[in-house]
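**Q** curious how this folds, go ahead:
(2 chains)
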Amino acid sequence: MALAIAISACGEKTDTPTSATSTAPTTILFSGTLQPLGTRFYSYTMTTAGTVSAMLASLERGNTPATNMLELGLGIPAGTGCATSVASNTNTALIPQLSEDFGVGTYCVRISDKDGLPVPMNFTIRLVHP
Amino acid sequence: MTLRACFCSLVLTLLTAIGCSGDTPTSPTSTTSTTTATAASPAFSEDFIDSVPVTGSVFYSFTVTQYGTVNVSLTSVTGQYVPSTVTLGLGLGKPDAESCLTTTNISTQSGTGPQITGAYEPGVYCVKVSDVGNLFSAAKFAVTIAYP
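**A** Have a look, this model is predicted:
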């Protein structure tokens, strides 16, 4: 019995349980007006490495949805613009058109009109990063 | 309980006490080593030549790949109705959203410079040139950015 008590007494030292922490992803809505043959970009900083997804969520001519193709890209701010490392010609969709892994650092998402929009249009990009 | 059993129990209790006393925390000792990083000298240079509108600002991004000295020099300001001695805003910071979020800001005239200098960690930075209320028309300017 004494032995049992002894073991029990020594067993009071317990380790504190550790749990893995997961950070919720950050969602950015980048909205603006894109001029014909124009370019806009938006810079953001990642403190955790992981997958970035970008989606051209909407493009409107006035209040009317438009189907024009635009170039959506991800990259690093450089000079007076955003130097993209991955890009895609796309129109609006409800799923990400771009998805790429990036390390910790400062990055940018860029939207460009290469074909020439008939008029300035309003856009919204949905960007999700760790 | 027999005398023998009692004696064994006493010995066991003493051993337990000694065993548990081994858990007594000892004062942690730490060895601190201080390393002083040497800032690398500028090895690259970029020219930011643009025009700043009245009440406006423009910025330029660049990437520092190693800890070192960054020098920013506003070397010239020109333009119609713009005296070369006009004071502009000059800032250094990080690209954020659609602008440059500056952590160092000065108002300066053009000169050989550098007007801003400091040691910076690797990362993406930006230089912002802005009108601080002195312009009556757009000013063309030249900024030289030197970084490691």
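
**Q** now do the strands in chain A.
**A** Under the criterion DSSP state E, strands of chain A are mapped to A:26-34, A:39-46, A:50-61, A:64-65, A:70-78, A:81-90, A:98-102, A:105-112, A:121-129.

**Q** number of nearby residues for residue A:103?
**A** The local packing of residue A:103 (other CB atoms under 10 Å in any protein chain shown) involves 9 other residues. Where you see a C-beta, it was placed from the backbone N, CA and C, and this is true even at glycine.

**Q** residues near the nearest residue to residue B:79 once chain neighbours are set aside, how many?
**A** Distance criterion CB to CB, 6 or more residues apart in numbering or on different chains; nearest residue to residue B:79, sequence neighbours excluded, is residue B:139 at 4.5 Å. A count of nearby residues for residue B:139, using other CB under 10 Å, gives 26.

**Q** quick check: bridge partners of residue B:139?
**A** Residue B:139 has these beta-bridge partners by DSSP bridges: residue B:52.

**Q** for residue A:103, report the pLDDT, please.
**A** pLDDT, residue A:103: 97.

**Q** if I look at the residue most central in space within chain B, how far off is chain A?
**A** Centroid-nearest residue in chain B, with CA atoms, centre = their mean: residue B:120, separated by 5.1 Å. Using CB to the nearest CB, to the nearest Å, one gets 13 Å for the distance from residue B:120 to chain A.

**Q** for that residue, which non-adjacent residue is closest in space?
**A** Sequence neighbours aside, residue B:70 is the residue nearest to residue B:120 in space, at 5.0 Å (criterion: CB to CB, 6+ apart).

**Q** that neighbour and residue B:64 touch, don't they?
**A** Yes: judged on CB atoms under 8 Å, residue B:70 makes contact with residue B:64 at a distance of 6.6 Å.

**Q** picking up where we left off before, check contacts around the residue nearest to residue B:79.
**A** Residue B:139 makes contacts with B:51-52, B:77-79, B:82, B:86, B:88, B:131, as judged by CB atoms under 8 Å, 6 or more residues apart in numbering or on different chains.

**Q** present these as CSV; the columns should include pLDDT, neighbour count and secondary structure.
**A** As requested, the contacts of residue B:139 are exported to CSV (pLDDT from 0 to 100; neighbours: other CB atoms under 10 Å in any protein chain shown; DSSP: H, G, I helix; E, B strand; the rest coil):
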residue, pLDDT, neighbour count, secondary structure
B:51, 98, 14, strand
B:52, 98, 22, strand
B:77, 98, 23, strand
B:78, 98, 14, strand
B:79, 96, 17, coil
B:82, 96, 19, coil
B:86, 97, 19, coil
B:88, 98, 23, strand
B:131, 98, 19, coil
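
**Q** in the residues you listed, find the pair that's most separated.
**A** Pairwise distances across the contacts of residue B:139 (CB to CB) peak at 14.5 Å, for the pair B:78 and B:131.
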